[in-house]
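> Here's a sequence, model it:
(chains A, B and C, ligands or ions: 2)
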Amino acid sequence: MKLSTETQTGAELQWHRIKLIENPLIRNGLALLAVAYIFWSVGSLEIEWARVAHGLPRAVKMITRMIPPDFGRWQLLIRGMLESIQMALVASFLGMCLAVPLGICGAGNLVPKPVYLIARSIIILSRTFHEIVVAILFVKIFGFGPLAGILTLTLGSTSFISKMLAEDIENMTPGQIEAIRATGANFPKLLIYCISPQALPRYLGVSIYRLDANIRHSTVVGIVGAGGIGQVLAASFSRYDYDFSLAILLTIIALVFLGEFFSNWVRSQLR
Amino acid sequence: MTVRQNIEKYPEVWHRFSPRETLMRYVWYLGTVFVAVWSISKLDIPWFYFLDAHVQAKDLAVRMWPPDWDFANQLVKPLIETIHIATLGTFITILIAFPVAFLAARNTTFNALTWFVGRFILVASRSVNTIVWGLLFVAIFGPGPLAGIWAIAFRSIGFMGKLVAEAIEEIDKGTVEAIEATGASRLQVLWIGILPQVLPVIYGTTVYRWDINIRESSVLGFVGAGGIGILLYSSINQFMWQEVTVILIAVLGVVIASEFLSATVRQRIS
Amino acid sequence: MLEIIRLSKVYPTGTVALQDVSFTVDTPQVVTIIGPSGAGKSTLIRCINRLVEPTSGKVMLDDIDVRSLNRRELCKVRRRMGMIFQEYNLVERLTVMENLLSGRLGYVGFWKTYRRKFPPADVVAAFKLLDRVGLSGYQDTRADALSGGERQRVGISRALMQQPDLLLVDEPTASLDPKTSRQIMRLLVELAHEHGTPALVNIHDVGLAQSFADRIIGLSEGRIVFDGTSQQVTAEVLTEIYGEEDWSTTIRKIEEDNDQDTQKGASKHKDRMTRETAA
Ligand SMILES: Nc1ncnc2c1ncn2[C@@H]1O[C@H](COP(=O)(O)OP(=O)(O)O)[C@@H](O)[C@H]1O
Ligand SMILES: [Mg+2]
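Ligands and ions are numbered 1, 2, ... in the order given. This next block holds a predicted model:
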């Protein structure tokens, strides 16, 4: 009896071992390469180990300075948070609007090849640079403040939502589109009667996810002077007000936590 | 006779939504627009900045062109460092993210408290931007790539942990039960029943996150955490716009290459 | 009504899917097109409403040369051709009623479409059809909650909502179990006859084709190799369409099936009549 269960376990074990690469030589070779890479890269990085050695005590010191978090300047905190949220809301809204045409044009099964290629290049290009780089360029052009931040976040949201939308449309079963076309519906009617009902829930889900992401990203555009809580955070760091920094970070975490609940709730409503 | 009556009985109108639902829909539309308009009106945006924006943009473009190609050979080392930061950060992430995901998945966590701790770690990690993590680790380790590696790792844990936790929650319960039925310990169940099932997800998200991390590590230098960002930041601060162009082109190349690589690998996996 | 003249299709991959196909449908009859998979049946059907662009040849619907139409005119002609698919191809997240009404999209303006405001006549017709195909009460069910047979009933109703001059049907039963297949085929044929609409039905099941067709066209490697009545389908004909095989059992089985089925069908029809008079 006992023996049989054991062999069963053995069978289970083998059955569920999913081998990504069948050839053991290549698989082990890749693992070896990975280890070799770690040694090479760590060796080639210029790390001042002397400074690192002080790291742990310094971390302890920093943490003791952080705790307890200082919510004393809550007015500044609230104002910065509110500005971040407002920036995120505006950027998400604009992104949602702009992403619809761009996403549709980026769906290869709906539009002619040239339109598709142009839309896809716009999406790829606007995704390439980190928002901090984009934010710097926008600060250069539009000056310091939330405007540059909004534009940065809008660009990111547009490309993200439109990429998701385009992929979603491309993954739709071609049959439904074909069937609606076969009834004699023109392109606009195809969009509102077939594409939109099928793509809407995920589009809204992605948009809400993006709102949540924009709140997080708004902290970083602030570091280069594009408004929001990030500016307050960067200032507190440069003044070694670590306890205030922690208060800000905790507030951001709480907000993102709430945002997650909210977006889960909305998505569950969208089934 | 009866058939005829039936025909007359067919309704002439049909509504997809009840009036209440229709109203709610318009309330949502209006509410969304209202929120956007309210937000933008509260932000006191200096709209006149738009007036000379094109002048500024043109000025910037003129100063950025032509690229200072001689600068390019100074970029090789920082670029390699950027890739190293992303890759090593991603390695560390795998080691930490899996145990955390195990805690944050409802079906594998120990109790409500451990579940909450797992979730909190994931949310905290994702809420704090890589750059902000960079600030923290530079304060701890001093400026340099090590701070960058940890910043990348700490931000990626939330990303990967969340996806892996979701994958764990969706695994085939039958397999797990079959292994539990053999009297295997919790660790064995984890190792034999769960890990193999989520392994493709782990590989997939790792490669995906690595590609994002390349982008992130290219700007970590702004807070002193190593990589090409250090050069980019100093060039911007010194208004060496022609150098900036070269750096941006180089970053563009690396990012597109890594995105291509990651997409190919992910396609192979699935 | 429908005239196909020397129609050919070569896919960009180089596959010759149709070669010189010509035939005419001029009475309201049910024409089944049989042939092995890859024979070009789907291609033929799709060339007629230009979901696939033919390479050469003519498709004439009454006096309209379908191939010469521009986009706008094509939409107009597509309204006159109802199409039914193997995979039903309903818009999954829409309700049954919305799917039926999508058959009227060619006639309703953009805003009315957006607000789902269809003319009363269309709504009445839709309710009537739902009743006819045995789905009364399903109007607010979402398409993704239906079984295969129910979906195909909706698919058929959607096509009939167009009040088409021609039905194009691509493997309507290939995703259904044998019993449901027969029910759906019977419904389809009855409805085509009721409305006096000619139907072109692709099917790979010879038995089904023979039971329900007024006329059978055999397609093999993109060419028409047979055109006649079900009685004329012999072992030799099947060999020509499908290749060498012992067809005796297939044919005999079909005949038995046929007998049983007509009986069952008749009794079922009677059932329905008595139910309706009782109500
Ligand atoms: N979109 C396409 N591109 C290239 N070849 C195709 C395409 N669709 C069908 N074919 C080819 O055309 C031939 C006929 O296909 P089809 O009309 O689908 O046959 P049937 O419906 O009789 O099974 C097959 O060889 C098929 O591989
Ligand atoms: Mg076919």
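> so how many other residues sit close to residue 202?
Here I'm looking at chain A. The local packing of A:Arg202 (other Cβ atoms under 10 Å in any protein chain shown) involves 17 other residues. Just so you know, the C-beta spots here come from the backbone N, C-alpha and C atoms, and that holds for glycine as well.
> my bad, the chain I had in mind was chain C
If we define neighbours as other Cβ under 10 Å, then C:Asn202 has 27 of them.
> C:Ser42 is in contact with that one, correct?
Yes - between C:Asn202 and C:Ser42 there is a contact under Cβ atoms under 8 Å: 6.4 Å.
> which residues do those two both contact?
C:Asp170, C:Glu171 (Cβ atoms under 8 Å, 6 or more residues apart in numbering or on different chains).
> Could you measure from the residue of the stretch 51-200 of chain B found nearest ligand 1 over to B:Leu163?
In the stretch 51-200 of chain B, the residue that lies nearest ligand 1 is B:Pro200 (30.5 Å; Cβ to the nearest ligand atom). According to Cβ to Cβ, to the nearest Å, B:Pro200 and B:Leu163 sit 12 Å apart.
> Between those two, tell me which one has more neighbours.
Neighbour totals were compared for B:Pro200 and B:Leu163, and B:Leu163 leads with 21 against 14 (other Cβ under 10 Å).
> all helices for the stretch 51-200 of chain C, in order.
In the stretch 51-200 of chain C, the helices defined using DSSP state H, counting those that start in this stretch lie at C:71-79, C:96-101, C:110-114, C:120-132, C:148-161, C:178-195.
> Which neighbours do B:Pro200 and B:Leu163 have in common?
Between them, B:Pro200 and B:Leu163 share no contacting residue, judged by Cβ under 8 Å, 6+ apart.
> tell me which parts of chain B are close to ligand 1?
Selection of chain B residues close to ligand 1 by Cβ under 6 Å from any ligand atom yields an empty set.
> Residues touching the host helix or strand of C:Ile45, excluding its own?
Counting by DSSP states H and E, the element that carries C:Ile45 is helix C:41-48. Helix C:41-48 is contacted by residues C:2, C:4, C:7, C:9, C:17-18, C:21, C:33-35, C:52-54, C:59, C:66, C:81, C:83, C:166, C:168-171, C:200, C:202, C:204, C:219, C:222 when judged by Cβ under 8 Å, 6+ apart.
> hmm, back to that, mean neighbour count added to the helices of the stretch 51-200 of chain C, as a markdown table?
Listed next are these as a markdown table, based on neighbours: other Cβ atoms under 10 Å in any protein chain shown:
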| stretch | mean neighbour count |
| --- | --- |
| helix C:71-79 | 16 |
| helix C:96-101 | 26 |
| helix C:110-114 | 14 |
| helix C:120-132 | 19 |
| helix C:148-161 | 24 |
| helix C:178-195 | 18 |
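> Tabulate the ones you listed (a markdown table), appending mean pLDDT and distance to B:Trp14.
Shown next, in a markdown table, are the helices of the stretch 51-200 of chain C (pLDDT from 0 to 100; distance: least, Cβ to Cβ, whole Å):
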| stretch | mean pLDDT | distance to B:Trp14 |
| --- | --- | --- |
| helix C:71-79 | 92 | 21 |
| helix C:96-101 | 95 | 6 |
| helix C:110-114 | 92 | 13 |
| helix C:120-132 | 93 | 5 |
| helix C:148-161 | 93 | 13 |
| helix C:178-195 | 91 | 22 |
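> Quick check: residues of the stretch 51-200 of chain C near chain A?
Contact residues (Cβ under 8 Å from any Cβ of the partner chain) of the stretch 51-200 of chain C with chain A: C:51, C:71-72, C:75-83, C:85, C:87-94, C:98, C:102-106, C:110, C:113-114, C:155, C:158, C:162, C:168.
> Can you name the residues of the stretch 1-150 of chain A that neighbour chain C?
Close to chain C, as judged by Cβ under 8 Å from any Cβ, the stretch 1-150 of chain A has no residues.
> Give me the residue ranges of the stretch 1-150 of chain A where confidence is low.
A:1-22 (pLDDT under 70).
> all helices of it, in order?
Taking DSSP H, counting those that start in this stretch to define them, one finds helices in the stretch 1-150 of chain A at A:2-16, A:24-44, A:49-53, A:55-66, A:74-105, A:113-128, A:131-142, A:146-170.
> What are the buried residues along the shortest one?
Neighbour counts over helix A:49-53 (16 or more other Cβ atoms under 10 Å in any protein chain shown) mark A:Arg51, A:Val52 as buried.
> would C:Ile33 count as being in a helix?
No - looking at C:Ile33 with DSSP: H, G, I helix; E, B strand; the rest coil, it is strand, so not inside a helix.
> Near C:Pro36, how many other residues are there?
Using other Cβ under 10 Å: C:Pro36 sits among 13 other residues.
> try B:Val100
23.
> For it, give me the pLDDT.
pLDDT, B:Val100: 93.
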